[in-house]
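A.B. asks: Got a predicted model here, sequence first, then my questions.
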Amino acid sequence: NTVEAAAAASGGVLSEQAVEDAMQRRVLLYDKGGEEHYNLISALHKSVRSSDVDASLYWLTRMLEAGEDRLYIARRLIRMAIEDIGLADPRALEQAVAAMQAVHFLGIPEGDLALAQAAIYLCVAPKSDASYQAMNAVHEDVEKTIAEPVPMQLRNAPTPDMKAWGYGAGYQHAHQFANAIAGMECLPPSLAGRQYYFPTDRGLERRIAQRLEEIRRLKAKS
């Protein structure tokens, strides 16, 4: 680390001045509350998104050597798994969460290897932001239809009066249909048929796209 390097440079004698110089160098290179902090995490995130293993390990190590909070790095890796990989490889999120738990359990320096391992996994995983894009599209429609009532077929009818008012009318219990697929519309009428999630053809999402196509075909038949 920086302090050990200062000791080696001074012939093995760790003077007070050497420690001060080393710590000052660390602060100048990495101000946790300043621009360089955000520049480095941005570099790490964009390197992972670009599937560049070597660059990701470099920026990760820069942050580790600067004394960055390991749990902060773990949280950012989890965000990368969700935002840039998603369902193309659902295990990416598992790996990132496992790394966070390992860091919390092992501490420094043993936990650092867990962060490196997670970063490597995220780099080589197939990439997809389909879930991220889907949520953005949903948010736009929610803002426009915030007062849209829940369709009657989706409402519970715990009392006879509510049932008489039409609560639950037209509900189709999926398990009573072949393949447990009912043709019932679950979106508000103004959004009926809307599609938000468009899986990629990368990783597991290729299979998800095939399954969604099968579901839509079965719904149309129902």
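C.D. replies: Good, I have the coordinates.

A.B. asks: Find the nearest non-adjacent residue to the residue nearest the centre of the chain, please.
C.D. replies: The C-alpha lying nearest the average C-alpha coordinate of the chain belongs to I82 (C-alpha atoms, centre = their mean; 1.6 Å). Distance criterion C-beta to C-beta, 6 or more residues apart in numbering; nearest residue to I82, sequence neighbours excluded, is L93 at 6.1 Å. Any C-beta I mention is one placed from the backbone N, CA and C, and that applies to glycine too.

A.B. asks: For this protein, which segments are assigned as helices?
C.D. replies: Along the chain, the stretches classed as helices by DSSP state H are 2-9, 16-29, 35-49, 53-65, 70-80, 91-106, 110-124, 130-144, 160-164, 205-221.

A.B. asks: Can you get me a residue count around R217?
C.D. replies: 11 (other C-beta atoms under 10 Å).

A.B. asks: Could you give the number of residues near E148?
C.D. replies: E148: 14 surrounding residues under other C-beta under 10 Å.

A.B. asks: And it, how far from Q172?
C.D. replies: For E148, the distance to Q172 equals 21 Å [C-beta to C-beta, to the nearest Å].

A.B. asks: residue contacts, the residue lying closest to I108 once chain neighbours are set aside?
C.D. replies: Distance criterion C-beta to C-beta, 6+ apart; nearest residue to I108, sequence neighbours excluded, is R70 at 6.5 Å. R70 makes contacts with 64, 103, 107-108, 111-112, 115, as judged by C-beta atoms under 8 Å, 6 or more residues apart in numbering.

A.B. asks: same deal with A209?
C.D. replies: A209 sits next to 199-201 when contact means C-beta under 8 Å, 6+ apart.

A.B. asks: again, only this time at 6 Å
C.D. replies: Residues in contact with A209 (C-beta atoms under 6 Å, 6 or more residues apart in numbering) are P199.

A.B. asks: for the helices of the chain, which one sits closest to F177?
C.D. replies: Counting by C-beta to C-beta, F177 lies closest to helix 205-221 out of the helices of the chain; the figure is 8.5 Å.
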